[in-house]
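Trainee: all I have is the shape, not the residue letters:
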């Protein structure tokens, strides 16, 4: 049979009380950490939105440039094909 002395019971209760106080006092810190994490995520989202906006703005020009390069390559291929046929 496990019988605790009065002093052991008091010591156990004091330890539980200390642990509960530490737990309670750490809640504010935990909340601030969570809020900081959320702010960082929101900044990341804003950065991604800005990157998407910038990409959309430059996308049309990029498409035009790529199309011109494709046409240039096609013209070069046609010239090479014509030269090969002429030989």
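Mentor: Yep, it's here. Since the model is a prediction, treat every value here as computed from it, not as a measurement.
Trainee: can you get me a residue count around residue 44?
Mentor: 10 (other CB atoms under 10 Å). For every residue, glycine as well, the C-beta is placed using N, CA and C.
Trainee: just residue 9 next, same as before
Mentor: Counted with other CB under 10 Å, residues neighbouring residue 9 total 10.
Trainee: check the residue most central in space within the chain and give its pLDDT.
Mentor: When CA atoms, centre = their mean is applied to the chain, the residue found nearest the centroid is residue 44 (6.2 Å). At residue 44, the predicted lDDT confidence score is 98.
Trainee: mind showing which ranges of this protein have poor pLDDT?
Mentor: Along the chain, segments meeting pLDDT under 70 span 1, 87.
Trainee: thinking again about what came up before, just the element for the residue nearest to the centre of the chain, please.
Mentor: In this assignment (DSSP states H and E), residue 44 forms part of helix 6-86.
Trainee: before we move on, the earlier item: what's the separation between the residue nearest to the centre of the chain and residue 50?
Mentor: Residue 44 is 11 Å from residue 50, where distance means CB to CB, to the nearest Å.
Trainee: please apply the same query to residue 25.
Mentor: According to CB to CB, residue 25 stands 39 Å off from residue 50.
Trainee: likewise residue 61?
Mentor: 18 Å.
Trainee: over to residue 64?
Mentor: 23 Å.
Trainee: equivalent analysis for residue 27, please.
Mentor: With distances taken as CB to CB, residue 27 is found 35 Å from residue 50.
Trainee: residue 37 now?
Mentor: According to CB to CB, residue 37 stands 21 Å off from residue 50.
Trainee: residues contacting residue 55?
Mentor: Residue 55 is in contact with no residue at all, counting by CB atoms under 8 Å, 6 or more residues apart in numbering.
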